[in-house]
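>>> need a structure here:
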Amino acid sequence: MTPRTAAIYIFDGVEPLDCVGPFEAFISTETTDGEPLFETGMVGETMAPVSGVGGLVITPRWSFETMPEVDVLIIPGGSGTRALAEQPDIADWIAQQNDKVEMMLSVCTGAQLLAAAGLLKDLKATTHWNTYDWLRRIEPSVDILEGARWADNGRIICSSGVSAGIDMTLHVIERLYGEETATRAARYMEYEYWPPA
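Numbers count the residues shown, from 1 in each chain. Here you go, the predicted model:
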């Protein structure tokens, strides 16, 4: 089976678990024969290392220019999203990728970047609990599912903050490959919070 390609956007001020939690879930997803079901990497605007919240330094695998066509793109959150939400070039890049990918996902305040790109109009969403009002200011039509771990619109799925990105990613794995595969990935990670849908 040809693996899907998953990319996770990283930037200065990214929340570490928003990106490495889903990364771990993707790389833990295998067939029963141990074949990987995702080719996964971090993507930055350039190849320069980024400094996440708390000082964790992450080096991208791809830049915007070198990223291959991907099936799944995750936009994480973190303090850096405040500045990025005001940058039209980032919104344009996200919107362009949305036209190409099978699924567009956000974690935490990554939802605000999806909204800034015009992707959440009249859709369900969630984000970190202390930024609901900010999301509504960007996209007043959004239906925020307060308290939900994730909000699934089919192609576009948003999760609430930090650890919820792992739950959303396992939900996506279940949708794409079935409950048994998602449960096997969760068990490999020794992640016991996630209940199958």
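>>> Quick check, central residue of the protein?
Ile74 (2.7 Å; C-alpha atoms, centre = their mean).
>>> where along this protein do the helices fall?
Here the chain has its helices, by DSSP state H, at 16-27, 81-84, 88-98, 110-116, 132-138, 164-177, 179-188.
>>> Give me the contacts around the third one.
The one in question is helix 88-98. 45, 64, 70, 73, 75, 84-85, 104, 113-114, 116-119, 156 (C-beta atoms under 8 Å, 6 or more residues apart in numbering). Where you see a C-beta, it was placed from the backbone N, CA and C, and this is true even at glycine.
>>> in this structure, what spans have low per-residue confidence?
Applying pLDDT under 70 to the chain flags the ranges 193-197.
>>> Give the residue farthest from the middle of it.
Max radial position in the chain (C-alpha atoms, centre = their mean) goes to Asp33, at 26.9 Å.
>>> one step back: nearest to Arg4, out of the helices of the chain?
helix 164-177 (7.2 Å; C-beta to C-beta).
>>> before we move on, the earlier item: which one of the contacts of helix 88-98 is nearest to Ser163?
Ile75 (16.8 Å).
>>> got the contact list for the nearest residue to that closest one once chain neighbours are set aside?
Among residues not flanking Ile75 along the chain, Gly110 sits closest, at 3.7 Å (C-beta to C-beta, 6 or more residues apart in numbering). Listed by C-beta under 8 Å, 6+ apart, the contact partners of Gly110 are 9, 18, 74-77, 81, 127, 158.
>>> Out of those, give me the one that has the most neighbours.
Cys158 (34 neighbours; other C-beta atoms under 10 Å).
>>> which residues does that residue bridge with?
Ser106, Ala151 (DSSP bridges).
>>> Would you agree it is in contact with Thr126?
Yes: assessed by C-beta atoms under 8 Å, Cys158 is found in contact with Thr126 at 5.3 Å.
>>> how many neighbours does His128 have?
His128: 24 neighbours (other C-beta under 10 Å).
>>> same question but for Cys108, I mixed them up
Neighbour count for Cys108, taken as other C-beta under 10 Å: 28.
>>> So it versus Gly21, what's the distance?
From Cys108 across to Gly21, the span is 11 Å (C-beta to C-beta, to the nearest Å).
>>> between the two, what contacts are shared?
Shared contacts of Cys108 and Gly21, defined by C-beta under 8 Å, 6+ apart, are found at 162, 165.
>>> Grab the nearest non-local neighbour of Asp167.
Leaving out its chain neighbours, the residue that sits closest to Asp167 by C-beta to C-beta, 6+ apart is Arg149, at 4.7 Å.
>>> now the one you found: how far from Arg82?
Distance, Arg149 to Arg82, by C-beta to C-beta: 23 Å.
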